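Participant: below are the sequence and a predicted model; questions follow.
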Amino acid sequence: MKLDAATFLVQWSTGGLAFLWLTTRRREVGIGYGWLLRAIYGVLGAGGLAILLAQGVDSTARAVAAIGAGGVVVGSVMALGASIRHRTLESFDTRVDLIAPVSGLAALLGAATFVGGGAVLAAARLVVGAAFLGCIADAMLLGHWYLVQPGLRREPLGELVRWNAWLWPVEVGLLLVPTGMVSALVGTIDDGYNGLLGWVWVACAVSTIALVGVTWLALRERYYSAVMSATGLLYLAILTAFGTDLIARAVLAP
């Protein structure tokens, strides 16, 4: 798979907006949290769309990817506008938040045919990677939201942490499938650094699940400071999670 900025930005925005819906569907988190995330991921999606257009829409697959990326931007703007107009969780239909991630899914499936590594495997890696990156980013942002809404139950954050734990083995497993990171570790693929990047990837992958586990333990503590500790741990987990995805894509680039 190529380390492509366009598909990476579309991945990140798609996954982040999907898990935004997962969090807001219960109408517990303040509406401002949705405003923040829709704005952030809308900008990221727009960046991905701009790069796709700059690369040229010279095939059906690229057209699908560009249209899907455009849907991410339009969907996030629509949901942001609707939530601002309603201003309350009770009157806002959270299903509007599904437009953007569904469009992003179409974009990623279209991109799978030109990022390299075989269309089926590339599609699986892109979709799972989107969920993996979006979930860990949303968890960190939600952790900060407890400063704004300190009375919020820990369950919304705990749910994202559990999803991170469930997604981790799927993400890592897909990156090991041949041709995958095993090839880099045994020397079949030259990473340009005498195998160092392969072991850095292993360190990132192991550190990610370890940090997610410690975050879960922190959330079990009854003191409010535990939420802030969990948020700090998620800062580190974002670095290692993104390293897990991006280092693999750089090493496996055709």
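Facilitator: On my side now, so go ahead. On a predicted model such as this, the values are computed, not experimentally measured, just so you know.
Participant: strands of the stretch 151-254 of the chain, start to end?
Facilitator: For the stretch 151-254 of the chain, no strands are identified by DSSP state E, counting those that start in this stretch.
Participant: what are the ranges of the helices in the stretch 151-254 of the chain?
Facilitator: Taking DSSP state H, counting those that start in this stretch as the criterion, the stretch 151-254 of the chain carries its helices at 155-176, 181-186, 196-219, 225-251.
Participant: just those: most buried one?
Facilitator: helix 225-251 (a mean of 20; mean count of other Cβ atoms under 10 Å). The C-beta positions use only the backbone N, C-alpha and C, and glycine is treated the same way.
Participant: show me what that helix is packed against.
Facilitator: In terms of contacts (3 or more Cβ pairs under 8 Å, 6 or more residues apart in numbering; DSSP states H and E), helix 225-251 is packed against helix 119-145, helix 155-176, helix 181-186, helix 196-219.
Participant: that one to helix 155-176, inter-axis angle?
Facilitator: 20 degrees (axes from the mean of the first three to the mean of the last three Cα atoms, to 10 degrees).
Participant: helix 196-219 and helix 225-251, what's the angle between them?
Facilitator: 160 degrees.
Participant: helix 225-251: how far from the chain's middle?
Facilitator: Distance, stretch centre to chain centre, for helix 225-251: 11 Å (Cα atoms, centre = their mean, to the nearest Å).
Participant: what is the rounded mean pLDDT of that helix?
Facilitator: Helix 225-251 shows a mean pLDDT of 91.
Participant: equivalent analysis for stretch 194-201, please.
Facilitator: pLDDT averaged over stretch 194-201 gives 83.
Participant: again with stretch 155-165
Facilitator: For stretch 155-165, the per-residue pLDDT averages 95.
Participant: excluding its own residues, what touches it? List them.
Facilitator: 19, 22-23, 26, 28-29, 131-132, 135-136, 138-139, 142-143, 146, 209, 212-213, 215-216, 219, 227, 230, 237, 241 (Cβ atoms under 8 Å, 6 or more residues apart in numbering).
Participant: for stretch 227-235, same thing?
Facilitator: By Cβ under 8 Å, 6+ apart, stretch 227-235 touches 136, 139-140, 143-144, 146, 154, 157, 161, 211, 214-215, 218-219, 221.
Participant: confidence-wise, which of those comes last?
Facilitator: residue 221 (85).
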